[in-house]
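Chemist: quick one: sequence plus predicted model below, questions after.
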Amino acid sequence: MSRRTSRSQQRPTNTACPCGLPQPYDDCCGRCHTGSAAAPTAEALMRSRYSAFVKGDVAYLLRTWHPRTRPARLDLDPGMRWTGLEILGTTDGSAFHATGTVTFRASFRGGSLHERSRFERVDGAWVYVDGEFLE
């Protein structure tokens, strides 16, 4: 018997997506993270960025940050445990818009973050510009 484990056995492909939508991660935000799909709306980008925070995907977070506001580096807290995302509202941000906002509450162990994020299209792709903390 071989002791080798295949890649598919190491990483389940049907785990729930952290963004809260009912699709499996690989069919939802995972597609954005790997680059096989682009977020079609500002809300979809917001959800994929939340999932990237959950997964610790710094490269995706930086890649989807507007060039004019992107930090030189991003250090995530390895002890942070995100526990849920609630989209509270959106303004514009569809395939027919150049800008949009998403208001959300992201919960973590010990509290939550309430923010209104601004998004813009750069070369056709949605990117995060900045956010305003609420409450």
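Modeler: Noted; the coordinates are in hand.
Chemist: which stretches of this protein have low pLDDT?
Modeler: Counting by pLDDT under 70, the ranges of the chain that qualify are 1-14.
Chemist: who's in contact with the spatially most central residue of the chain?
Modeler: The centre of the chain sits closest to Arg49, judged by Cα atoms, centre = their mean, with a distance of 1.5 Å. Residues near Arg49 by Cβ atoms under 8 Å, 6 or more residues apart in numbering: 60-61, 64, 128. (C-beta placed from N, C-alpha, C; glycine too.)
Chemist: and if you look at Arg68?
Modeler: Val129.
Chemist: if we use 10 Å, what do you get?
Modeler: For Arg68, the contacting residues are 120, 122, 127, 129-130, by Cβ atoms under 10 Å, 6 or more residues apart in numbering.
Chemist: which of the residues you listed sit farthest apart?
Modeler: Greatest spatial distance among the contacts of Arg68 (Cβ to Cβ): Val122 and Asp130, at 13.8 Å.
Chemist: which neighbours do these two share?
Modeler: 66, 68.
Chemist: returning to that earlier point: and which of the contacts of Arg68 is nearest Ser107?
Modeler: Once Cβ to Cβ is applied, the member of these that ends up nearest Ser107 is Asp130, at 21.3 Å.
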